[in-house]
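Engineer: what's the 3D shape of this:
(2 chains)
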Amino acid sequence: MNDTLSKIEKRTAYTLLLPAVFLVFAIVLFPIFANIWISFKEVQLKDIRIPEPRAKKIVKSIPEDKTKLKIVYRLRNSSLIEDINNIKFSDNLPRNIEPVDLDSRCEFKSKKIKCDFGNWEAKYRENFEIIIQNINNDVIDKNTIKSQKPKLSGDADNILLTTKFTLKNFKQVFNENEFLDLLLTTFYFTFFGTVGAIIFGMFAAQLVNQKFYGRTFMRSILLFPYVGPVVALAYTWTLLLDPNSGTLNALLVNFGIIDKPINLLGQKYMTLNLLGFDIKLRLALTTVIMFEIWRYFPLAFLFILARLQAVPKDLYEAAEVDGAGPLRKFVNITLPQITAILSILFMIRFIWNFNKFEDIFLLTGGASGTRTLPINVYQQGFAVSNIGMGSAVSIVIVMLLIIFMIIYFKLIGKRANEI
Amino acid sequence: MRYKSFLIYLFISSIFLTLVGSIWKIMATLQGLRLTEINFNINFLLALLLSLSLVFIGKRINHLIKILVLPLIFTFIYIAMNESAPIWYNVGILLISLFFTNRVKNYNLNYLKEDFVSEKIVFDFLSLFAIVFFAFIILFPFYLMFVTSFKLQAALLYNPLDLSIDFTKNISDQFKSYLVIFKTYDFGRYIFTSSIVSIGTVIITLIFAIPAAYAVARLNFFGKTFLSTSILIIYMFPAIVLVIPLYTVFSQLGLRNSIEGLLIVYTATTLPVAIYMLQGYFKSIPKEIEDAGLIDGQNWFGIIAKIIIPLSLPAIASVALYVFMIAWNEFLFSLMFLDNPKSFTLSRAINHLTGDAETPRQYLMAGSVVVTLPILLIFVYFEKYLVSGLTAGSVKG
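Structural biologist: Numbers count the residues shown, from 1 in each chain, chains lettered A, B, ... in the order given. The predicted structure is shown next:
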């Protein structure tokens, strides 16, 4: 009895889960594994269309003989690089009409012209002609002939399914001089973006945790940068930072803080003179990090605030009785209470920032030293049109992500359920 | 102790007053006022004098007189020392100094002797300044976006600092950018597509996620722990690593440039987090209620439809809003999959506008306002639900 119940339960569970699991498997898990396959292939963007045989039908009348018509089929292989094998052709003719002197590759049977064209190499083209006549010597209606579309079929290798593999992509990914630079840029962006967002979020949370007039309003607007669509916000920022007519540069020039406008998103380095030392700052990257912090500190704020509100009030009261000032209270009570959430936030935001694509893409497109790994996937795959390379970079990202996740689950995976 | 508190008070309060004054000056400049000097040093000295006199006067004269007369004197000296400016600007300065004196009215030489006064002062001014600072940096880009959509390209190039709206124009001139993007750039269609895609994603995600979450929360089956951990892990993988295989497969299946393709991808990418959020809530529903349903002879469909869904409407609402937000704001997949203007979503359409360098920026910003406004309104209206969705969605999942 119990056994059948648990069987029913199992079956129900599988039925309920199946649609969701299938969809996630097909759209999320399958591509991750498909990346491994593609990354070992030499595929260009233009190769991914499956080659197919095509025919364009043109009907011409023959002036000398009204009972006959000439049909020209412009045959071609749609692919520029791949052969098509075993091509079959068929076209229907209306009643009482038959072909004259049919090509040896073809035969006419029950109102159908059937041809066996064999193999076409890449870029193949041919003008294939047939003359048809009416058995009753009537005039043939051109339009009925035209309205019939020929059918073609052929076997072609789908370049994605062949078993030709190469290590070229990975060699290219790692041999590139820029790979180290790419990795460094990615980590620089990820690390400072994460830390900055958490620090800002902590300040904002500490602020909103106090009582002041307009607190609810403040809490709402603090989330605006995260809730707004990235496209709109990124373009607003580009406008704000524009060197020629951007508000920020105009302000700085107006108040005499800088002499001439700085191209904050288009300049790779800026030399800063701090205490007599020349420091080379990655300018565009820093600007992008600023945007990143601006957009994502609301999330850090949300979590830290939730944690702060859960800190028991009597802890602070007890501290006050003991004669602790605001600073001591913050260092000795607040900070220990939020370290757990801070470390979890750091790990999670680190992983998310590591994957960030849209923000950088919309601000700089990866130019002037802001090319990170995700941007590189796009550039290799769609700007250089090398799908195989793009997949290889994706694999590098996935590998690094797996390492981060192992660290995450080892360090704080268990504690994540406590908050 | 007293001198330390005294000096810290002087420094912090003067810095605060000067900075707030400077922010006011910047805002005034952005309304088209021609001011070119921040005068930080002089204004800092002025603020220092005000703070100093406030502390020394303390409670010696009437409160009301103190917080009215001193700001007035401060404002007059300020006007004399700075560039000439219209009356509304100076009124602003007066209001700021009034606010400031009112704020520090309790600080006097005796108060500065108390314990931890310097720390309290620092925290006080820091949080005051933080309110101004955060409000400014967050709202300014939105303000810029909004104002630019009402301006003309030529005016913006001529004086990028003038961000005032000219209210004397007639209505059709005022909203010209909006008329143009709806008429010439076909934004009505994109709003429709975006709405269909976002609402469709919400509905399909819920249809798939509710049964699955119920199974994970309540039923025992082989592979349950594995499944619930993998939901989390799958959610960590970013869209960018899925893009190339999906692009190739969708090209070969002819699913690019179609709303169906987008719906499939959006649903699949939001499902893990939706299941994760819902199962957590379902677990909190007392099991006895379901057992009662079972005794009444309900099957799983009846239990989900009649017991689980009505009881977890708040959680479903926050999942729905969260998924809606993700789908509405999504950019990467719409960039990859859509290149026919007929099937653009709003985000993709705005990106397409920038492809042409000739497009005047007020159209771009009008488009940005059109895509931003709905989601912000929804957020403000349903803040409670969306915040709980965000909280569950982005740290744990």
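Engineer: burial of the closest residue to chain B within the stretch 51-200 of chain A, as a residue count?
Structural biologist: Here the residue of the stretch 51-200 of chain A nearest chain B is A:Leu160; by Cβ to the nearest Cβ that distance is 6.2 Å. Heads up, the C-betas are built off the backbone N, CA and C, glycines and all. The tally of other residues near A:Leu160 (other Cβ atoms under 10 Å in any protein chain shown) stands at 18.
Engineer: same check, this time on B:Phe40
Structural biologist: Using other Cβ under 10 Å, B:Phe40 has 13 other residues around it.
Engineer: let me see the contact set for it.
Structural biologist: B:18, B:22 (Cβ atoms under 8 Å, 6 or more residues apart in numbering or on different chains).
Engineer: so it versus B:Lys25, what's the distance?
Structural biologist: Distance of B:Phe40 to B:Lys25, given as Cβ to Cβ, to the nearest Å: 10 Å.
Engineer: ok, the spatially most central residue of chain B to A:Lys142 distance?
Structural biologist: Central residue of chain B (Cα atoms, centre = their mean): B:Ile138, 6.9 Å from the mean position. Distance of B:Ile138 to A:Lys142, given as Cβ to Cβ: 70 Å.
Engineer: list the buried ones in the helix or strand harbouring B:Leu321?
Structural biologist: Using DSSP states H and E, B:Leu321 sits within helix B:313-329. The neighbour-count check on helix B:313-329 (16 or more other Cβ atoms under 10 Å in any protein chain shown) flags B:315-329 as buried.
Engineer: between those, which sits nearest chain A?
Structural biologist: Among the buried residues of helix B:313-329, B:Asn329 lies closest to chain A (Cβ to the nearest Cβ), at 4.2 Å.
Engineer: hmm, who's touching the helix or strand harbouring A:Tyr316?
Structural biologist: Taking DSSP H and E as the definition, A:Tyr316 sits inside helix A:313-321. Residues from elsewhere that reach helix A:313-321, judged by Cβ under 8 Å, 6+ apart: A:328-329, A:332-333.
Engineer: from those residues, which ones fall inside helices?
Structural biologist: A:328-329 (DSSP state H).
Engineer: could you dump the contacts of helix A:313-321 into JSON lines and include pLDDT, distance to A:Val59 and neighbour count?
Structural biologist: Below are those laid out as JSON lines (pLDDT from 0 to 100; distance: Cβ to Cβ, whole Å; neighbours: other Cβ atoms under 10 Å in any protein chain shown):
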{"residue": "A:Arg328", "pLDDT": "83", "distance to A:Val59": "94", "neighbour count": "14"}
{"residue": "A:Lys329", "pLDDT": "83", "distance to A:Val59": "91", "neighbour count": "18"}
{"residue": "A:Asn332", "pLDDT": "86", "distance to A:Val59": "92", "neighbour count": "13"}
{"residue": "A:Ile333", "pLDDT": "85", "distance to A:Val59": "89", "neighbour count": "17"}
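Engineer: what helices and strands are in contact with the stretch of helix or strand B:Ser347 belongs to?
Structural biologist: For B:Ser347, the element it lies in under DSSP H and E is helix B:346-355. Secondary-structure packing of helix B:346-355 (3 or more Cβ pairs under 8 Å, 6 or more residues apart in numbering or on different chains; DSSP states H and E): helix A:230-241, helix B:187-218, helix B:332-337, helix B:361-381.
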